[in-house]
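need the 3D shape of this:
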Amino acid sequence: MSSLNRLDGAGRVVDHKPALILGVDVITEEHPSAANLGILIDHELFHRYHYQVAGFSDDNAQHEVVWKGLWAEGLATYVSMKLNSPATMQDALFLPLDLVTRSKPILPRLISELSTRLDTVDPAYFSELFTYRGAHTNPPSRVGYFIGALAAQDLAIHRSLTELAHMQPSTVRPELAKALDHVRAAFEKNEAGAQH
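Residues are numbered from 1 along each chain as shown. Below is the predicted model of the structure:
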């Protein structure tokens, strides 16, 4: 359907049922290549699968608890990257085109703030993390996708994609916090090394 420039793809509740919405107007503008389209479709289909096996989805959008949105979007991003090899993290994040580059230097600060707000429902903060607000916003638009994907990548060191997808909320919440600490520490170490 035409989304009136609101979204490329997303899960939403339509007539009290989970549904997958693909905004063809935005898709044709933002995902002109077949490779990008494959990543997008895998990302959105994974959301439906993830909901079936573990109860996570993007259906509640900005009304979701922050940690659940971070896990749902981060894992979908990571999985769509892995399923579309040789896609990079930036390929799976789509926009802004320099999201990875601009985010890396400020990740420790962003993750520290995020870690104190994981259990909140805060539509404005959620939108700051996951909504495209333009190419030059600070922090970068959609940085939550990147942080969530990095946490999923950290957890994937000892788990398969199937195991990650099937992790239940009671397991995800503490493991996600540990993964965020690992990611933050790794980027702090990289920044410290770059300054010497």
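
show me where pLDDT drops low in this structure?
1-7, 26-35, 194-196 (pLDDT under 70).

what about the longest helix in it?
helix 169-195 (DSSP state H).

buried residues in that one, which are they?
Judged by neighbour count using 16 or more other Cβ atoms under 10 Å, the buried positions of helix 169-195 are 172, 173, 175, 176, 179, 180, 182, 183, 184, 187. Glycine gets a C-beta too; all of them are placed from N, C-alpha and C.

gap between the last one and residue 17?
Taken as Cβ to Cβ, to the nearest Å, the spacing of residue 187 relative to residue 17 amounts to 40 Å.

and if you look at the second one?
Separation of residue 173 from residue 17 (Cβ to Cβ): 27 Å.

go on, residue 65?
From residue 65 to residue 17 the distance is 22 Å (Cβ to Cβ).

now do residue 61
Distance, residue 61 to residue 17, using Cβ to Cβ: 16 Å.

which one of these two has more residues nearby?
The residue with more neighbours, out of residue 61 and residue 17, is residue 61; 18 against 7, by other Cβ atoms under 10 Å.

give me the phi and psi for the more buried one.
When read as degrees, to the nearest 10, the backbone of residue 61 gives phi 50, psi -130.

so it makes contact with residue 13?
No. Residue 61 is not in contact with residue 13 according to Cβ atoms under 8 Å; the separation is 9.9 Å.

who touches the most centrally placed residue in the chain in this structure?
Centroid-nearest residue in the chain, with Cα atoms, centre = their mean: residue 145, separated by 2.6 Å. Residue 145 is in contact with 73, 74, 77, 93, 99, 130, counting by Cβ atoms under 8 Å, 6 or more residues apart in numbering.

now with 10 Å?
43, 69-70, 73-74, 76-78, 89, 92-95, 99, 103, 129-130 (Cβ atoms under 10 Å, 6 or more residues apart in numbering).
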